[in-house]
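S.K.: Got a sequence here, can you model it:
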Amino acid sequence: MAAITPASATEPPGLETQRREIENIVQNHELRAGDSWYLVERRWFEQWKEYVKTGDQNSSSFPGQIDNTELFEDLDSYHLKERLVENEDFVLIPAEAWRQLLAWYGLVDDQPALERKVVDLPSTVKVEVYPVEIFLCLHSNMDNVVTAQFSRVDTIQTIEKVMRKQFDVTESAETRLWMKSSDTSCERLRNIYVSVLDSCLSTGMTVIMEMRNADGTWPSSRPQIMRNSVEEQDSYRGQPGVCGLTNLGNTCFMNSALQCLSNTPPLTEYFLRNAYLEELNFTNPLGMKGEIAEAYADVIKQIWSGRHYSVVPRVFKTKVGHFASQFLGYQQHDSQELLSFLLDGLHEDLNRVKNKEYIELRDADGRPDQEVAEEAWRNHRRRNDSVIVDTFHGLFKSTLVCPECHKVSVTFDPFCYLSVPLPVSKERVMEVFFVSLNPGAEPVQLRVVVPKAGKVIDLCVALSQATDVPANQMVVADVFNHRFYKIYHADESLSCILDRDDIFVYELSSGAVEEDGEEVVLAVYLRERPHCRDYGSGGGYGTTLFGHPLLMAVPRDQCTRDALYILFLQRLARYVRPPETSEEVEEEEADDEGGEEEDEEEEELYRTQTNGVSDVTNTQTDDGDNDSEKAGPSKRASKEGEAPDRLTSSARQVDRQNNGQSEPSEEDGGSDPERASSSEEGQSAGSSSGGADTNTQSDLATAGASGKVEDQEEEDEDQEDNEGRGSESAMAYVSSGKRAAGSGRNGQSRKKRRPLFTIQAVNSNGTTERGMGEGGTAFSFSSQPYVAIDWDPDMKKRYYDENEAEKYEKHGSMEIPYQQTTVQLQECIELFTTVETLEEENPWYCPVCKKHQLATKKLDLWSLPEVLIIHLKRFSYTKYSREKLDTIVEFPLRELDFSGYLLRKTGVNGEPPSRYDLMAVSNHYGGLRDGHYTSYARNKDNGQWYYFDDSKVTYAREDQIVTNAAYVLFYQRQDKIRKPTLPAPTDGCAASVKPANDFTSSNHDGLAGAASCVNMETD
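M.R.: Numbers count the residues shown, from 1 in each chain. Here you go, the predicted model:
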């Protein structure tokens, strides 16, 4: 619609009339497919409502012309901004209301009216804010491309008319259209009466118009850009049926099911000989008007033409999503669920029964099974008669027994596939890493057996038996990417933990830590800081996590930088090397002779110190004394104790120096709170000489068992000298964040030793640094506390032993080979026919007791179809847990005998044909959250097995087919199997097919078993 200028705007009625008219239109106008609605910028509309509400036409809230500037990316193309939200960025008004507002107020010059159509999509009717944007071009001039927008309910014919007008193509010219997606594949748009949505046209695709030549030929069989690949396709002659299916985006589940059905001989031959055309049922209210059958037929004919490397099943995917909304979009789904829908849809589309009669079902009432079964099958065929019933349907016998009156109810029900359960173990084997409280002990990898439906505490109890550590002193955590993905509570279910998770179990120094108790469990991360840090930002985004995180129980009164520094040094003793006296890292060179002399004295004093780890930990407050003793490695063998002794000596020296630092002057640090705060975050000890630092200093001075008076004297002297220190030196310490400022005896600067690392409070990701406690010396935690040990790259390289940190010990339980559970297919079938009691959610109504009862139920096989589909129920869903069973099910490729399970006794010698051979397998690799589907199938013409992985097809050997990924099995009864008409191919027969040994192995473990090119697809 053309923009209305202010001059062309009509004189508006009164404000109250305007408000009433627009409100009535908006409130009484429902969404109807095909109607036009308009976008109006929300702020303008709100201002208009305010304006008419005042009733004053001279009000300052007059909105002026309709202005949608804020909705456009730019004012040249007038493209709508992405991700606009209704009622936040814009409002939608009906066309009638738009026309009124436009007439009253006009539209800003040159702005287009934002008209949008109401579209009727599957299961919803809505305004299409973002139409499909398509590129248009002629086959004869593909460089001249124009962009146009179309509604999803527009037909292909609408696009054709626009293209004729845009490119000056006469109405008499005969044309045809091609659809080109981003992967350069082209598809013919044969039906110009279908909608843009149904034709799978989406934004970014190209529609190419081709005009017939004067001689009646078409310029090419495909558009110019596809000519090379088209010639290859035209010249390609491969084995029919050996053809891949392109993955359209998480559609491997569909491709896997289609390949299995494609290699089901009776169904495929039915479509190839066009028998389906005479049986299409367009009037069946339960069907899909024949569209599913036609779309499936197109796919089968392309696959079996022998002229394609790979087929794009886009139309089929669209049809499936149209009739089954659960398959709309491109999310991952279950191949068995799609198979169930497809077989039912094909059956209803091809049902020979046009009008289904009502049939009242009768109970057996003591009649012979043979009579009841024949009656049930006859009734079933009166309503259901199709190639699907002929090929896939069999008959169950269902027996229900009331537990109260013992009423026996026998019914016979048809089935299309067997869903057989897998024997489920009540226990599971878990691999975990146990991290001891002893700092010198390496983590231990163990394998423990726990209840499958157990809690986290059950894992701790099982681990306690192997480690002699009380279960209440353990914390279980999932470690991912050097951080804690989740820290589990003792009462959480073990089903939350997947087999592939890296589970670490940490020993704490005491039992369960209360939330407001005297101890807090610290989650400790290791981070490496870059050489250059922007202190003004105050963030930890430049850091890199490394190593394994730790969990430690720490007394709350020891959550100061000084105390934590000592505790962390003690905890990291195994792989953090303390600096020797000769290689102490010095922060500042001495600038007088006195400083040099003092350093020599200090180094001599350092050499004579005999402080051990236990000495340092005993300097903490009384509350944390026992805990620190328990946590210390002083009770270890002397060889293990050497490193902690040196480490603690260094730590104590650093601590002593930090306590002697001066407080930054107001002139240097106090006037810039932001910088001071940022600088404090980088310190390893408090910047204040009072408070917690003074207490810690005092404790350190009085708690030494060996009575080292020199320590106290040196500290007192440092403290006194520090008062005369200039503010410049103090600020230098704060800004560096890594050193303690001090002074020599003559007031001159001297060498100061640098801490190995700094400590920061962080969030659970280990990235965002949070606020400090009072004065920056203590940490205050309101929930699960996380802290990070930050290493300078040079310090980490010199003192952190990465090889030692990564070492772990294997427990004896790991030496026992882990045998994956293997069951026979016959066991699953026997479990399927076992008597079970109905669940409370699904009771049976007893006609004798006149109430619902939890009856016992037993299923038996009465008759089997020509093609038997067996669904292995690998996915277990209960209200308590969800899991995928990776059990290997041993299923035979030939001679699967059901004679022992069939109740029906007719045929030759009283036995009906009951032996089956395998012809296809649908595989699922991965777990519940992600996975990938592939398939194995045997070609009906040459008898060769192939492996289908979306568009890739390769040879397969029979010894590769049985894996723990097998999900749906397709068997054909032997009396219906036809011998191959072609000889089995050799390795060089088909250029597109590689020998299976190029990419597969018979050792299928998890995802890598079937092919090196398996792609994981998230659900």
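
S.K.: which stretches of the stretch 1-150 of the chain aren't confidently modelled?
M.R.: Residue ranges of the stretch 1-150 of the chain with pLDDT under 70: 1-10.

S.K.: And the helices in it?
M.R.: Taking DSSP state H, counting those that start in this stretch, the helices of the stretch 1-150 of the chain run over residues 15-28, 42-54, 95-105.

S.K.: where do the helices sit along the stretch 151-300 of the chain?
M.R.: With DSSP H, counting those that start in this stretch as the criterion, the stretch 151-300 of the chain has helices spanning 156-166, 227-235, 252-262, 265-272, 291-303.

S.K.: Against which helices or strands is the next helix or strand after the last one packed?
M.R.: Proceeding N to C from helix 291-303, the next assigned helix or strand is strand 310-311, under DSSP states H and E. In this structure, strand 310-311 packs against strand 244-245, helix 291-303, with contacts taken as 3 or more CB pairs under 8 Å, 6 or more residues apart in numbering; DSSP states H and E. Just so you know, the C-beta spots here come from the backbone N, C-alpha and C atoms, and that holds for glycine as well.

S.K.: before we move on, the earlier item: of the helices of the stretch 151-300 of the chain, which stretch is the most buried?
M.R.: helix 252-262 (a mean of 26; mean count of other CB atoms under 10 Å).

S.K.: hmm, back to that, make JSON lines out of the helices and strands packed on strand 310-311 and add distance to A275 and mean pLDDT.
M.R.: Shown next, in JSON lines, are the helices and strands packed on strand 310-311 (distance: least, CB to CB, whole Å; pLDDT from 0 to 100):
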{"stretch": "strand 244-245", "distance to A275": "23", "mean pLDDT": "92"}
{"stretch": "helix 291-303", "distance to A275": "10", "mean pLDDT": "85"}
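
S.K.: any chance of these in JSON lines, plus distance to E507?
M.R.: Putting the helices and strands packed on strand 310-311 into JSON lines (distance: least, CB to CB, whole Å) gives the following:
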{"stretch": "strand 244-245", "distance to E507": "53"}
{"stretch": "helix 291-303", "distance to E507": "59"}
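
S.K.: Where does the prediction get shaky in the stretch 801-950 of the chain?
M.R.: Looking at the stretch 801-950 of the chain by pLDDT under 70, you get 818-819, 877-882, 905-912.

S.K.: Recalculate using a threshold of 90.
M.R.: The stretch 801-950 of the chain contains residues with pLDDT under 90 at 801-802, 807-824, 826-827, 829-860, 863, 874-888, 897-914, 926-931, 941-942.

S.K.: Where do the helices of it begin and end?
M.R.: Listed in chain order, the helices of the stretch 801-950 of the chain (DSSP H, counting those that start in this stretch) span 802-806, 812-815, 825-832.

S.K.: closest to R529 out of those helices?
M.R.: helix 802-806 (16.4 Å; CB to CB).

S.K.: Now do the closest one: which elements does it pack against?
M.R.: Under the contact rule (3+ CB pairs under 8 Å, 6+ apart), helix 802-806 is packed against strand 544-555.

S.K.: on that earlier part again, ok, which of the helices and strands packed on strand 310-311 comes nearest P549?
M.R.: Among those, strand 244-245 comes nearest to P549, with 44.5 Å by CB to CB.

S.K.: helices or strands up against that closest one?
M.R.: When contacts are defined as 3+ CB pairs under 8 Å, 6+ apart, strand 244-245 sits against helix 252-262, strand 310-311, strand 945-949.

S.K.: after the shortest one, next one along is what?
M.R.: Read it as strand 310-311. Sequence order places helix 314-323 as the next helix or strand after strand 310-311, per DSSP H and E.

S.K.: Go ahead and name everything in contact with that following helix.
M.R.: Outside helix 314-323, the residues within contact range by CB atoms under 8 Å, 6 or more residues apart in numbering are 122, 187, 197-200, 248, 251, 254, 258, 288, 291-292, 295-296, 298-299, 327-329, 338, 341-342, 345.
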